[in-house]
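>>> structure, please.
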Amino acid sequence: MTQTTFTTALTIEELEANHEIYCKALRILIREDTPIERIQRSVCWRRLDTLHRSLPQRYSSPQRLVLQIRGSLGRLQHATPGRG
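Predicted coordinates:
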């Protein structure tokens with residue numbers, strides 16, 4: 001049995017099965033104020049980008065996800081008393 005690594009090519013089905021994990025990782029990077037250049041070199045970015053390029057009708061681009069996540073985090077900070 002082989003073990004999946006960060007350099008192993010995954011099937012679209014495997015990428016789809018882990019989509020939520022990649023989105024969660026992207027949210028964490030954004031919440032930690034990671035520079036966009038570093039985010040773009042991350043494993044989650046590459047895998048989200050692969051999903052988007054393979055199935056653009058179903059999956060948003062990583063760029064769009066970053067904008068959506070930043071927007072929702074900004075709204076949460078403004079709505080939470082004593083923050084930001």
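>>> residues near Leu65, how many?
21 (other C-beta atoms under 10 Å). For the C-beta atoms, the positions are set from N, CA and C on the backbone; glycine is no exception.
>>> please apply the same query to Ala25.
18.
>>> what's in contact with the strand or helix carrying Gly71?
In the assignment (DSSP states H and E), Gly71 maps to helix 62-79. For helix 62-79, the surrounding residues in contact (C-beta atoms under 8 Å, 6 or more residues apart in numbering) are 23, 26-27, 30-31, 36, 39-40, 45, 48-49, 52, 60, 83-84.
>>> top of these by number of neighbours, please.
Neighbour max across these (other C-beta under 10 Å) = Leu48, 25 neighbours.
>>> stretch 50-70: end-to-end distance?
21 Å (C-alpha to C-alpha, to the nearest Å).
>>> now that stretch: buried residues?
Across stretch 50-70, burial judged by 16 or more other C-beta atoms under 10 Å covers Thr50, Leu51, His52, Tyr59, Pro62, Leu65, Val66, Ile69.
>>> residues touching the fourth one, list them.
If you count contacts by C-beta under 8 Å, 6+ apart, Tyr59 has them with His19, Leu48, Leu51, His52.
>>> sorry, back to before: out of the contacts of helix 62-79, which are inside helices?
Cys23, Leu26, Arg27, Ile30, Arg31, Ile36, Ile39, Trp45, Leu48, Asp49, His52 (DSSP state H).
>>> this completes my enquiry, with thanks.
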